[in-house]
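A.B. asks: could you work out the structure for the sequence below:
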Amino acid sequence: MPIYEYLCEKCNYRFERLVAGMRNSDAPDCPKCGSRTKRMLSVFAAHTKESTPCGSSADACQMAQQGGCGSSCPMSS
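C.D. replies: Alright, predicted model coming up:
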């Protein structure tokens, strides 16, 4: 189920709503003042674990040999 972000046209209150179907395009009333809302364009977020600039240490060393990723191998001393 997608999560949509809405903005109240009267009080500018922003809120999110979990929508049960993509075909349901009716915007809900504002939970704060009851006025009409419009659906906003939202961006998604992706969380990843931290890694070296090129992924694994081996990737960073290979890229360093090719002059990329800061040109330094994290495995060399």
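
A.B. asks: which residues touch stretch 28-37?
C.D. replies: Y6, L7, C8, E9, K10, C11, Y13, F15, R17, A27 (C-beta atoms under 8 Å, 6 or more residues apart in numbering). The way it works is simple: take the backbone N, C-alpha and C, and place the C-beta from them, glycine included.

A.B. asks: looking at strand pairing, list the partners for the closest residue to the last one other than its chain neighbours.
C.D. replies: Ranked by C-beta to C-beta, 6 or more residues apart in numbering and with sequence neighbours excluded, the top spatial neighbour of A27 is T37, at 4.7 Å. Counting by DSSP bridges, T37 is bridged to C8.

A.B. asks: what separates T37 from P2, distance-wise?
C.D. replies: Counting by C-beta to C-beta, to the nearest Å, the separation of T37 from P2 is 16 Å.

A.B. asks: try N12
C.D. replies: Taking C-beta to C-beta as the measure, N12 falls 23 Å from P2.

A.B. asks: in this protein, where is pLDDT below threshold?
C.D. replies: By pLDDT under 70, the low-scoring segments of the chain are 1, 21-25, 43-77.

A.B. asks: redo that, cut-off 50
C.D. replies: For the chain, the stretches with pLDDT under 50 are 52, 74, 77.

A.B. asks: if we can go back for a sec, give me the more crowded residue out of T37 and P2.
C.D. replies: The residue with more neighbours, out of T37 and P2, is T37; 24 against 12, by other C-beta atoms under 10 Å.

A.B. asks: could I get the buried residue list for stretch 36-45?
C.D. replies: T37 (16 or more other C-beta atoms under 10 Å).

A.B. asks: likewise stretch 11-28?
C.D. replies: For stretch 11-28, burial by neighbour count (16+ other C-beta under 10 Å) applies to V19, A27.
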